[in-house]
Structure formats: C-alpha cells, structure tokens
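Asker: dropping the sequence and predicted coords here.
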Protein chains: 2
Amino acid sequence: MNIKTYGVILAGGGGTRFWPLSRKELPKQLLNLTGKDLMVNETIDRLEGNVAKENIFVVTNCTQVELMLEATAGRVLGDHVLAEPAARNTAACIGYAAMEILRKYGDGVMCVLPSDHYIKRVDVYRKVVAEAVRTAGETDALVTIGIQPTYPSTGYGYICHEEKKKDNGAYTVRRFVEKPNLEKAKEYLLSGDYLWNSGMFFWKASVIMRCFEEFLPEVYTCLQRIGEAMGTDAEQNVIEEVYPQIPKISIDYGIMERAEKVLVLEGDFGWSDVGSWDALEALYEKDEYGNITYGEQVHIDTHDCIVYAKNKLVTTIGLDNVIVVETEDAVLVCDKNRAQEVKKIVEALADCDKRQYL
Amino acid sequence: MNIKTYGVILAGGGGTRFWPLSRKELPKQLLNLTGKDLMVNETIDRLEGNVAKENIFVVTNCTQVELMLEATAGRVLGDHVLAEPAARNTAACIGYAAMEILRKYGDGVMCVLPSDHYIKRVDVYRKVVAEAVRTAGETDALVTIGIQPTYPSTGYGYICHEEKKKDNGAYTVRRFVEKPNLEKAKEYLLSGDYLWNSGMFFWKASVIMRCFEEFLPEVYTCLQRIGEAMGTDAEQNVIEEVYPQIPKISIDYGIMERAEKVLVLEGDFGWSDVGSWDALEALYEKDEYGNITYGEQVHIDTHDCIVYAKNKLVTTIGLDNVIVVETEDAVLVCDKNRAQEVKKIVEALADCDKRQYL
C-alpha cells in the first residue's frame, strides 16, 4: 500500500488560559511557551520523518490567518493554511481539511493534531505517530493516541479501551469519558484500561468523510457544498457563506463516540496539553527554590512560584505557590492552585468593558 | 512675647520603602500616597494657621532640589528650598536651617517636621502644634510631640516621660527609647508613660544653635563656617565645601538624648509615618473584601490585599494578604506581613547591577 500522509494541524483556538500572555488574536499556539519556538511550529517540526513538509496543512481562524502565515512561512505552503470564516468547533475544521485534501490532493492518511501541546520525547512520539499512520492506512479505522496517564488528572478526558491489544498493537476503544472527578480519576488510573484523550487522530480522508455522511449528515451537506465549489471561482464565496452555517460540534462527540471501528495506540512520550500557567512545571526545570522563572526578576524567600516577566523587572518577597505574569499592558497574580480560573478574569474583562485586554 | 514662627520641613530622605513607586530621586515625600497631594505639600498645607506661608522652609537634597522646587512652587519661596550638597543626617540639615534663619531672618521658633508622614485629624494636629510653638517660645525648652500609642508597635521609637504633666501641659522627657521588641512594646503601652517618637521638634533657632555648640561642637564649627559665608558671594562654595564634612548624626542621638530641658506634648491625631506599603491601611478605607486598591484592576476571590496599579491592568486570583505594586518599569509582589523587607529588594538591585531601578 502506498498512500499519502498528510498533517492537519488544528490551530484555530482562542486564547484565554494563558492570559495575559495569550490574547484573542494571539492564542497559545502562537506563543513561545517552551523557550524554543512557537507551539504551532514545534508541532509542525515534530512531524519531520512522519509527514512530508509539502503535505502539512494548518487550519486556523480568519482572525489569526495573517499571523499564522507569517509564523509558519517556510514551514507550510501558503495555500495549505486554511482559514475558517468562523469558529465552528473541531468537526467542521477537520471536515473542511478532509474535503480540501480529497478534492485537491487525493486521498491519504490525515494526522490530525492539536497545535498547542507539549511533547517531551519527540523520538518516541514519532514512532507512535508512524504506527498510527500505518494502522489507519491498513485498517480503515479511526485511530487515536491515548496518553499513558501518570497521575489521576481531573483536567483531561479519558479513553476506555479493551483489555487486550489487537494484533496490530492497538486497543479497540470502548468509550470516551469526560473529565472525571478525583475519585473516578483514581479508579481509571488503577484499572489500567484508561488512557488520556490527546486529541490526536489518524484516519484516511475518505474514511472520515464517510463518517461525516453517516454520523453528521448536516455537517456533511455543508462540506459537500464547499467541496463542489473548490477549485472554482466561487470557492471563497461559498466557504464564507456555508462555513458559518456548519453545526458546532466536536469531532469527539460527533464522530469518535459514535463510530464503531475506533482504535487507540498507547503514547508515553511526556505529553502535556499545557492547559494553564501551572502546566509550565511540566516544561521547565525548576530552580533550587522550586521556582520557574522567565525574564528579569529578583526574589526574596520565594518558593514554588511561576514568574513570567515579559517587559518589566518583577520582584517578589515571601511568596509560595503563586503565579506572576507581566506583559505589555497587564499583570496577573494568581494562586498556583487556581490557574484554571484565569479564564474567569478574561470573562470578567469581557463583561466589564475592558475588551482592549482580551 | 512676639516671636516669629518658622516651618522647617525635612524632605531630603531617599526612597526605598515604597519601591518600586519611590526611587532614589523620587522619594516618598514627592509621592501622592493619599490620593490628595504630594506628601510634602500636605505637610506644608497642614501648617496653615500655625506658620505664615513665607516663613516655611524645605530642606532637601541637591539631587531632589529641582523636583522639590517644581512640586512646592506657589507654596514655598524658591530661596526657602535649601539644598544639602550631601546627605548628612538630621542634625546637619536642622543646623543648616537654623543658621539660615538666624543669619537671614532673625530668631524664632522652628517647627521641624518630617515631610512624609500622614495625619488624619488635621484640626487636632494644628492645636497641638500651636501649643508646642507656644511652649518652645516661652520656655526655651526643646519640645517634641509624642504620639499616643494605639498598639504595641515595634516599628516606632518611644519617648518615656515623667508621670505628671507640668503646668504648661507638657511632660518632661526622661529618655528616648529605640524601637522595642514586642514584649517591651506591650510594657510601654501598658505603663502609660510612653509615647511614639514622631520626629516633630519645636525650639527657638537660637536655643538649638546653643545645643549644637554644647553637644555637637564639630557640627557647630561647620555650621559657623557656613553661617559666616551666608549672604556673601562665597556662600554657595562654602556650603558645597563644608557641608559634606559635617559629621553624620541624627538630631535624636546628637542632641535630644543629651539635652536637659526636653518636653513632650501628647498628640492624638491619627498619625502614621507611612513607613511601608502596609501602612496604606491607615490611610485608606478598605473595600468590602478588605482590599485597598488604586488604579485599574480586576480581582477574583482576593482579600485583605493592597494593590497599586500605576499603568497597567492588574488582575488577581485567590490572593490573601498580598501587596501588588505595578509601575512603569517594575512590579512588586510581596507578602503583606513582610512589607518591611522591600528595602532588601532595593539593596539586592544595587548589588546585582540593576541600578536603573533604584
């Protein structure tokens, strides 16, 4: 079998969890949180050896497309950066990319990847991705990578799988599970049958398109209209008209939980979705006081803090487990155990007429 | 008796305790911490009714004199802003002002006042000052105001006085006491014979000059040399040459603790030396969550904090008893119980080659 492999990087998310560094038009995928490169570029480069450069696509939002083109120039072909006219959740943008691939480039295995996750052991990751591509190509299954859980996380969704692996090294998925409470999470961890849902999916474009037809006929109808216009003068107009009408649904709810042939491969490569400021602890070495620091700072008796100073000198006295973030126009000081609540600040700013900070 | 009254406002201190708002060349007295006016101007205006405007002097450091002239223009005559060529502690600058007054304006009662303290009940303050001026004029004593202590402060020096008031309503001072530990402070509070040392002094210029001659002869010799040059073309040159040679000693150590005729009047007018960021709690009403806030901010579940935002939006989540200060080039986040340690940050900045922040 000699089938093409495509990379489809989902990079349309807005930025609230890393506020004040991330903004509506500068979301996490366009930040350099690792100190190495923008997260989207790290995601692209991580596919080296798995996907040829010219087969990589990025799906983003029209409000971010200029920044995305600039950021990924030299890595991704300009016409491979697909701009959604409106955010319609993951089913829509995956369907759009699948249609683009089928109509313009021919069927192949799509590696659908979030653009803003961190992976520590890239070599291990590449092996698992190669395995996932092979499996998707050979079996016509929907294949995903489940992350070997290392603690009872209540911040991730889980994938429950059959006890025994199949011959091809993958497990059959029993069901997808919402973010659990701590008690449930501990059960999952002990059972050995649960993996974290990484949001990485592998399937043939033709296979996922058949799933749209079967499970999301409304979405499918919209995708068909867009597909028919592809390559014609009407393409852009049709996309702008039809795309915003696509029902908002995630690929997880819309297809993964309904499809029959879903396989999961175990991944154990130091993964984090970098979901909030405290997740930086997975990315950086702490200093001798347990602090993670970026930028110019002076500390007195400060422990287990995360301090990010973009422009100014940041100084602390007697702090423990506090996150301090300083950017051009805003400062955040947050109990480290409450980093999840940063989005509440963003909501409050939207509510109280401080939209310039969004 | 018809003797003149002079105001002598000591405004030469450097700024470390309110860093990053206060700086070497923008000390506390030039800040508006009350939301009303610069502290030095509040000090000047507070003398209304006690001292005629044209009899008010400000002693400052040569590095601050331009800012001080600008700040006090319209309140203080330009030639009444005296610039020390070097900081030589309080004995030197009080002696300098006394000599200036004696040589150029004639003897009178000097009201020597710190420029950076807060007083809540100005009407009460004015009555006590009038009493102190009268007492100093009638008795040739060194008169000070001791603050009725309201809690066992370990941050203030104390004045121990005789049990019974004299006929003129003042107590004779037994001794000046250093900042005590908490145990001692509690004893002082219970005994009823201790007042806080406010650093406000009242005496005739001629009387304090005789004290310099008796207790600080080296300082006196320098003052004499400066005095002889006053009004001549050599004045500025002599000041610049001699002043930096004056021994560095405080008026408390040098004279107050040694002089025999020292009286203290009780003051109970809501006084604070505003010695550190946490002292703002004495100046401002707290909001319903116990916070004191200045500038643009958004809080989630934040209590008993002091948040000063000069330029940027400051946001907090889940903080208790924390001070957050944001200025043009620096941010401070400090445990409220450790506000005294802000000067350690300033020391650390001096040590680690970050002098631009001093």
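Answerer: Received the coordinates, thanks.
Asker: which ones are touching whichever residue of the stretch 51-200 of chain A sits closest to chain B?
Answerer: Taking Cβ to the nearest Cβ, chain B has its nearest neighbour within the stretch 51-200 of chain A at residue A:155, 16.8 Å off. Any C-beta I mention is one placed from the backbone N, CA and C, and that applies to glycine too. Residue A:155 makes contacts with A:179, A:273, A:275, A:340, as judged by Cβ atoms under 8 Å, 6 or more residues apart in numbering or on different chains.
Asker: so how far is residue B:45 from it?
Answerer: Separation of residue A:155 from residue B:45 (Cβ to Cβ, to the nearest Å): 57 Å.
Asker: closest residue of the stretch 1-150 of chain A to chain B?
Answerer: residue A:20 (7.4 Å).
Asker: next up, phi/psi of residue A:117, please.
Answerer: Main-chain dihedrals, residue A:117, degrees, to the nearest 10: phi -110, psi 160.
Asker: is there a neighbour count for the spatially closest residue to residue A:65 that is not a sequence neighbour? I'd like the number.
Answerer: Spatial nearest neighbour of residue A:65, chain neighbours left out: residue A:83 (4.1 Å); criterion: Cβ to Cβ, 6 or more residues apart in numbering or on different chains. For residue A:83, the neighbour count with other Cβ atoms under 10 Å in any protein chain shown is 21.
Asker: average pLDDT for the helix or strand containing residue A:83?
Answerer: Assigned by DSSP states H and E, residue A:83 belongs to strand A:81-84. For strand A:81-84, the mean per-residue pLDDT is 97.
Asker: then stretch A:54-74?
Answerer: For stretch A:54-74, mean pLDDT is 95.
Asker: report the buried residues of that stretch.
Answerer: Going by neighbour count (16 or more other Cβ atoms under 10 Å in any protein chain shown), the buried part of stretch A:54-74 is A:55-61, A:63-65, A:67-68, A:71-72.
Asker: picking up where we left off before, need the three-state assignment for the residue of the stretch 51-200 of chain A closest to chain B.
Answerer: Using DSSP: H, G, I helix; E, B strand; the rest coil, the structure places residue A:155 in coil.
Asker: surely residue A:9 is in contact with residue A:113?
Answerer: Yes. The criterion here is Cβ atoms under 8 Å, and residue A:9 meets it with residue A:113 at 5.3 Å.
Asker: any common contacting residues for the two?
Answerer: Common contacts of residue A:9 and residue A:113 (Cβ under 8 Å, 6+ apart): residue A:43.
Asker: which of the two has more neighbours?
Answerer: Neighbours per residue (other Cβ under 10 Å) separate residue A:9 from residue A:113, with residue A:9 holding more: 30 against 25.
Asker: how far away is the nearest residue to residue A:100 once chain neighbours are set aside from residue B:297?
Answerer: Spatial nearest neighbour of residue A:100, chain neighbours left out: residue A:82 (6.2 Å); criterion: Cβ to Cβ, 6+ apart. In this structure, residue A:82 lies at 40 Å from residue B:297, with Cβ to Cβ as the measure.
Asker: go through stretch A:157-171 and flag the buried ones.
Answerer: Buried residues in stretch A:157-171 (16+ other Cβ under 10 Å): A:158-161, A:170-171.
Asker: now for residue A:103: which residues touch it?
Answerer: Contacts of residue A:103 (Cβ under 8 Å, 6+ apart): A:227, A:230-231.
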